[in-house]
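Visitor: can you look at this prediction? I've put the sequence above it.
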Amino acid sequence: MSWRPYAVQEGNTVTGTLLEWPDLSDAQHTPRTALAWLPPSYHDEPERRYPVVYFHDGQNVFDAATSNSGEWEADETLTRLAGEGLEAIAIGVPHGGERRFFEYSPAAIPAPDLPEGGGADAYVAYLVDTVKALVDSSFRTRPEPEYTVTVGSSMGAVVSLHALLTRPDVFGHAGLLSPAFWTGGDFSLAQARRSPTPPGRVWVDVGGHESEQPERAKAYVRDAHALAELLREKGMSERVAFLADPQAIHHESAWASRLPAALRFLLGGAAKG
């Protein structure tokens, strides 16, 4: 088996190369189709190696046709950033369907009325040992943590932080868009408080209308603010970026609009290396 061209639906303009690897799985994770976007210069500069951005909920990242409610427009954004000199390989890792919450949740006992959690350690191991191993063996990557970024929204942001804190030997930077930290009670904030300070960059953002439930919407904002402040107190200073959009909702369209700024910050000078 090998990476094969991915047919983007009509109307979605892609510059660069978009590939897919079907049925990527391990003993604990169901088969899913991973997507890889290669930057415009990839085939023209055969000696060059690239940073890699790993997106969770990968079926929503490049193509609206595979998403339930729209896409992140990551390929369009990465194409524009390439014009600014920021180029990176992007990998979309789809979630496990009904097991999404379990896979992305580090808290074994989540908030009331939520499904079972606690699968984040195994998911991060899958991401490292199966997905990243395949990517690094397939493409000209820069595999070191300072060139490896993990990005997600909602529960994908929760597992992105978990990956950054538990595997700093692999992931150097994290983009946390609309993190749903409330789902694990105080787990994520407590984990960030007791863990070593991440050496790379962390992007945190949140909207003012993340939920139709007022208390839950407040929890999104409160926890995002709290994490950004905690990381600054731990000495990250300018290596933390925080953005609050009072009008933004919990939706792919909101994350697509904030993705360019997030990637500019997270890639920084790494993509030019």
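Guide: Noted; the coordinates are in hand.

Visitor: tell me the span between the first and last residue of stretch 72-90.
Guide: Distance across stretch 72-90, first residue to last, is 12 Å (C-alpha to C-alpha, to the nearest Å).

Visitor: whoops, I mixed them up, stretch 175-182
Guide: The first and final residues of stretch 175-182 sit 18 Å from each other (C-alpha to C-alpha).

Visitor: which residues sit against it?
Guide: With C-beta atoms under 8 Å, 6 or more residues apart in numbering as the test, stretch 175-182 has contacts from 111, 149-158, 160-161, 187-189, 202-207, 210, 216, 219-220, 223-224, 227, 248, 250, 254-255, 258-259, 262-263, 266. Yep, even glycine has a C-beta here, placed from its N, CA and C like the rest.

Visitor: starting at the chain centroid, how far to that stretch?
Guide: Distance of stretch 175-182 from its chain centroid, counting by C-alpha atoms, centre = their mean, to the nearest Å, is 10 Å.

Visitor: swap in stretch 202-210?
Guide: Using C-alpha atoms, centre = their mean, the distance from the centre of stretch 202-210 to the centre of the chain it belongs to is 14 Å.

Visitor: can I get stretch 245-262 in CSV, CA atoms only?
Guide: Output in CSV follows, covering the C-alpha atoms of stretch 245-262 (Å, rounded to 0.1, in the frame of the first residue of the first chain):
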residue,chain,number,x,y,z
ASP,A,245,-13.5,36.5,19.5
PRO,A,246,-16.7,37.5,21.3
GLN,A,247,-18.9,36.8,18.3
ALA,A,248,-17.5,33.4,17.2
ILE,A,249,-19.5,30.2,17.4
HIS,A,250,-18.3,26.6,17.8
HIS,A,251,-18.0,25.7,14.2
GLU,A,252,-15.5,24.9,11.4
SER,A,253,-16.1,28.3,9.8
ALA,A,254,-14.8,30.0,12.9
TRP,A,255,-11.8,27.8,13.1
ALA,A,256,-11.1,28.3,9.4
SER,A,257,-11.1,32.1,9.9
ARG,A,258,-8.6,31.8,12.8
LEU,A,259,-6.4,29.2,11.3
PRO,A,260,-4.1,31.5,9.3
ALA,A,261,-3.1,33.5,12.4
ALA,A,262,-2.7,30.3,14.4
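
Visitor: list the buried ones in it?
Guide: Using 16 or more other C-beta atoms under 10 Å as the test for burial, stretch 245-262 gives 248, 250-252, 254-256, 258-260, 262.

Visitor: list the contacts for residue 197?
Guide: Residue 197 touches 231, 234-236, counting by C-beta under 8 Å, 6+ apart.

Visitor: in a markdown table: the residues you listed, plus distance to residue 136.
Guide: What follows is the contacts of residue 197, written out as a markdown table (distance: C-beta to C-beta, whole Å):
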| residue | distance to residue 136 |
| --- | --- |
| 231 | 28 |
| 234 | 30 |
| 235 | 30 |
| 236 | 27 |
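
Visitor: quick one: contacts for residue 244?
Guide: 205-208, 221, 224-225.

Visitor: residue 179 in helix, strand or coil?
Guide: Assigned by DSSP: H, G, I helix; E, B strand; the rest coil, the conformation of residue 179 is coil.

Visitor: got phi/psi on the closest residue to residue 177 other than its chain neighbours?
Guide: The shortest distance from residue 177 to any non-neighbouring residue, by C-beta to C-beta, 6 or more residues apart in numbering, is to residue 153 (4.2 Å). When read as degrees, to the nearest 10, the backbone of residue 153 gives phi -120, psi 150.
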